[in-house]
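Enquirer: Curious how this folds, go ahead:
(one chain, ligands or ions: 1)
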Amino acid sequence: MTGTHADADLDLDLSAGGDDWRPTPHGRFLAQVLAEHPFAGGKDVLELGAGVANHTILLLRQEPRSLVATEILPELLDSTRANVERNCGANQPIEYRVADWLSTEGTFDLVVTNPPFCKSGKQNRRYFIDSLILDAHKRLRPGGELVFIQSSMADVAKTLARLDENGFDARVVASMDGPFRDYYFEDDAFMAEIQRVPDGFKVVEGTHLETLSVIHAKLRPFTPHEGAHIPAERRDG
Ligand SMILES: C[S@@+](CC[C@H](N)C(=O)[O-])C[C@H]1O[C@@H](n2cnc3c(N)ncnc32)[C@H](O)[C@@H]1O
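Expert: Reported below is the predicted structural model:
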């Protein structure tokens, strides 16, 4: 996508260029779910990998107390900012930060993201999902929440089990089936990996389908065990 793309349903006027991530069905479905659930109202929100701001704009419409939107490269963040300013004006409670995933400052009430998966570029394609599950507690306040989307090919059962192990009460808020993106078929290693994921995909009348799930998880209260090697007050998260 170059130039301007208007998402009429959600009243989003988005533009993308260069290496910007063009919203896929994953981003579009998360946008629909965000439009229907006021997760961000009154909260301090961290959005990871904001891209062309397709979620940032919807989160700002919910009137968060503050929103930090991140991207991995400054030029990608320029697109986030341009789209926010065109859709919402410049006077918003938003800070734009270049940051590598959760490696950023502060604590928040809510973390929102559409994590890279098929094109994560990591040996463990689930890297960004697993990193979120393991380390989001460092960026979340007690009782803080995570909202993210993932494919069935990234193993939703594994995600829910790992969220539970790591102190989150989690549930699937919404899900939908959709056809594979063309680039899945072009990646032989990816096509081989997904064969091993239980319920990772289905083929209906010759069409490969994945299920997209939006997951909402809430961090349970936790006090480090008595006798933990490094006392809680001397640790970063
Ligand atoms: C799947 S895209 C989602 C983009 C947008 N939120 C959407 O849903 O359309 C993942 C985004 O994460 C960004 N990203 C990739 N690696 C990152 C990292 N290490 N830290 C922060 N963002 C990253 C990409 O540039 C991309 O915009």
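Enquirer: okay, now the closest residue to residue 158 other than its chain neighbours: neighbour count?
Expert: Distances taken as CB to CB, 6 or more residues apart in numbering put residue 126 closest to residue 158, at 7.7 Å, once the chain neighbours are dropped. For every residue, glycine as well, the C-beta is placed using N, CA and C. Using other CB atoms under 10 Å, residue 126 is surrounded by 22 other residues.
Enquirer: shouldn't residue 126 be in contact with residue 118?
Expert: No. With contact defined as CB atoms under 8 Å, residue 126 does not reach residue 118; the gap is 10.7 Å.
Enquirer: separation between residue 146 and residue 111?
Expert: In this view, residue 146 and residue 111 are 5 Å apart by CB to CB, to the nearest Å.
Enquirer: Would you mind grabbing the residues shared as contacts by those two?
Expert: By CB atoms under 8 Å, 6 or more residues apart in numbering, residue 146 and residue 111 have these common neighbours: 132, 136, 140.
Enquirer: can those residues go into CSV with extra columns for neighbour count and secondary structure?
Expert: Formatted as CSV, the shared contacts of residue 146 and residue 111 follow (neighbours: other CB atoms under 10 Å; DSSP: H, G, I helix; E, B strand; the rest coil):
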residue, neighbour count, secondary structure
132, 26, helix
136, 27, helix
140, 24, strand
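Enquirer: what about stretch 48-66, how long is it end to end?
Expert: 14 Å (CA to CA, to the nearest Å).
Enquirer: Oh, that last question was meant for stretch 18-29, not what I typed.
Expert: Termini of stretch 18-29 sit 23 Å apart (CA to CA).
Enquirer: Wondering if that stretch reaches the ligand at all.
Expert: Yes. Looking at stretch 18-29 against the ligand by CB under 6 Å from any ligand atom, the contacts come from 21, 23, 27.
Enquirer: of those residues, closest to the ligand?
Expert: Checking the residues of stretch 18-29 next to the ligand against the ligand by CB to the nearest ligand atom gives residue 27 as the nearest, at 2.9 Å.
Enquirer: Let me know how buried that closest one is, in neighbour terms.
Expert: 18.
Enquirer: One more: residue 155?
Expert: Number of residues near residue 155 (other CB under 10 Å) recorded here: 20.
Enquirer: Could you look up the SS state of the closest residue to residue 202 other than its chain neighbours?
Expert: Residue nearest to residue 202 in three dimensions, not counting chain neighbours: residue 209, with 5.3 Å by CB to CB, 6+ apart. Classification of residue 209 using DSSP: H, G, I helix; E, B strand; the rest coil returns strand.
Enquirer: In this structure, which helix is the longest?
Expert: Longest helix of the chain, by residue count under DSSP state H: helix 74-88.
Enquirer: After it, heading C-terminal, what element do we hit next?
Expert: strand 94-98 (DSSP states H and E).
Enquirer: What helices and strands are in contact with that following strand?
Expert: Using 3 or more CB pairs under 8 Å, 6 or more residues apart in numbering; DSSP states H and E, the elements in contact with strand 94-98 are strand 66-71, helix 74-88.
Enquirer: In CSV, could you pull the C-alpha coordinates for the last one?
Expert: Output for helix 74-88, consisting of C-alpha atoms alone and laid out as CSV, is shown next (Å, rounded to 0.1, in the frame of the first residue of the first chain):
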residue,chain,number,x,y,z
PRO,A,74,12.5,6.1,13.8
GLU,A,75,11.1,6.2,10.2
LEU,A,76,8.4,3.7,11.1
LEU,A,77,7.5,5.9,14.1
ASP,A,78,7.2,8.9,11.7
SER,A,79,4.4,7.1,9.9
THR,A,80,2.7,6.3,13.3
ARG,A,81,2.9,10.0,14.2
ALA,A,82,1.7,11.3,10.7
ASN,A,83,-1.4,9.0,10.8
VAL,A,84,-2.2,9.9,14.4
GLU,A,85,-2.0,13.6,13.6
ARG,A,86,-4.1,13.4,10.5
ASN,A,87,-6.8,11.4,12.2
CYS,A,88,-6.7,12.8,15.8
